[in-house]
Each structure stands twice: as C-alpha cells, then as structure tokens.
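Engineer: sequence unknown, structure follows:
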C-alpha cells in the first residue's frame with residue numbers, strides 16, 4: 001500500500017496515480033488526460049474546489065490497479081483505498097461516484113456498499129464526470145457520445161454497464177449539457 005500524507009494535493013494525487021497506474025498502461029494515459037481536461041475545466045468550479053477537481057481526476061481510476069482491486073468495481077475499490085489512506089470523504093466520494101457509477105453499482109448489486117460514500121451533485125462532480133467522459137482510453141479527446149459507445153463496446157452488451165446504460169446515459173448527457181452551458185458562460189465572462 002502506498003502511504004501518502006493526509007494533506008492530499010495535486011502532486012500527491014499525480015504520484016499516487018503514477019505509482020498505481022504506471023505508463024505505458026492505457027489507464028495511466030487516460031487518467032493523465034482526464035487530469036489535464038479537469039485543469040481546462042477548473043474555471044467552471046469555485047476557486048477553492050479547483051485543486052480537489054484535478055486531484056480527483058488524477059485518482060478517479062486507481063481502483064483498476066491490481067493492488068487496489070477488491071470487488072472488481074473500480075470506482076468503489078478506488079474510493080475504499082483512498083478512504084483507508086485517511087483521505088477526505090469528499091475526495092473519496094467523488095471517486096466512488098464519478099461518471100454515474102451509482103447506476104452501474106446498482107446493476108452489480110453494490111448499491112449498498114456505495115452508500116458509504118455520499119453522492120454529490122454539484123458543478124465539481126459535473127466537471128469531474130465531464131472530464132472523464134471527454135477523454136478516451138489512451139488520453140485522447142472524445143465526445144461524450146464517442147465515450148459512451150467506446151465503453152459499451154469495451155464492456156459488451158450483457159455487462160452491468162450496458163444494463164445500466166438506459167439510466168446512466170441520460171445522467172451523462174445531462175452533465176454534458178450543464179458543463180457545455182457553464183463553458184459558454186465562462187467564455188462569455190472572459
């Protein structure tokens with residue numbers, strides 16, 4: 001287990017992701033891309049939440065790491081790992097629920113386990129989800145529609161992700177709409 005300080009910052013988040021998801025693993029490139037995208041979106045959240053957004057982006061997929069994997073559901077496994085490290089509950093909850101994970105958790109029978117991590121619906125959680133949903137597996141830019149199609153193709157038609165898609169897709173598209181509106185407003189303010 002990697003031990004990090006409790007004052008979790010951007011450098012520590014990046015180092016944790018780098019340690020658990022080392023290059024050239026595809027997941028590392030995705031996580032680095034999501035962190036870069038979160039940095040681009042940071043102006044859409046309050047100034048005091050920008051660091052948390054980028055830190056959460058760095059660690060959102062650490063549940064895929066072999067040494068972190070427990071249930072096989074990466075948002076929950078990553079959140080539990082970060083919780084064990086004593087990191088702030090808001091960070092662990094953002095990781096647990098990124099990209100509408102609660103819909104897939106219900107399909108996997110893990111809804112009750114996810115209850116340890118409060119669901120947040122806010123500009124911050126929207127920005128994290130949008131960053132994740134606009135970066136593909138190798139860190140390349142994707143549209144939300146491309147990302148959903150990629151996810152369904154990767155997991156297959158009988159997967160929990162596919163079964164949750166009817167509920168999750170409207171959520172993801174709603175996040176995209178809110179974020180794209182926020183981006184238009186912030187561009188207009190500059």
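Structural biologist: Right, received. Where do you want to start? This is a predicted model, so every value here is computed, not measured. Residues are numbered from 1 along each chain as shown.
Engineer: how about residue 146, nearest residue that isn't a chain neighbour?
Structural biologist: Spatial nearest neighbour of residue 146, excluding adjacent residues (CB to CB, 6 or more residues apart in numbering): residue 136 at 7.1 Å. Heads up, the C-betas are built off the backbone N, CA and C, glycines and all.
Engineer: please report how far the residue lying closest to residue 20 once chain neighbours are set aside lies from residue 81.
Structural biologist: Counting by CB to CB, 6+ apart, the nearest residue to residue 20 once its immediate chain neighbours are dropped is residue 65, at 3.9 Å. Going from residue 65 to residue 81 by CB to CB, to the nearest Å gives 8 Å.
Engineer: quick one: residue 93 and residue 121 touch, right?
Structural biologist: No - at 11.3 Å, residue 93 does not count as touching residue 121 under the criterion of CB atoms under 8 Å.
Engineer: neighbour count: these two, which is higher?
Structural biologist: Using other CB atoms under 10 Å, the more surrounded residue of residue 93 and residue 121 is residue 93, with 21 against 11.
Engineer: of residue 65 and residue 81, which one has the most company?
Structural biologist: Higher neighbour count among residue 65 and residue 81: residue 81, with 24 against 21, using other CB under 10 Å.
Engineer: list phi and psi for the more buried one.
Structural biologist: phi -60, psi -50 (degrees, to the nearest 10).
Engineer: now do the contacts for the closest residue to residue 163 other than its chain neighbours.
Structural biologist: Nearest residue to residue 163, sequence neighbours excluded (CB to CB, 6+ apart): residue 107, at 4.7 Å. By CB atoms under 8 Å, 6 or more residues apart in numbering, the contact list for residue 107 reads 160-161, 163-164.
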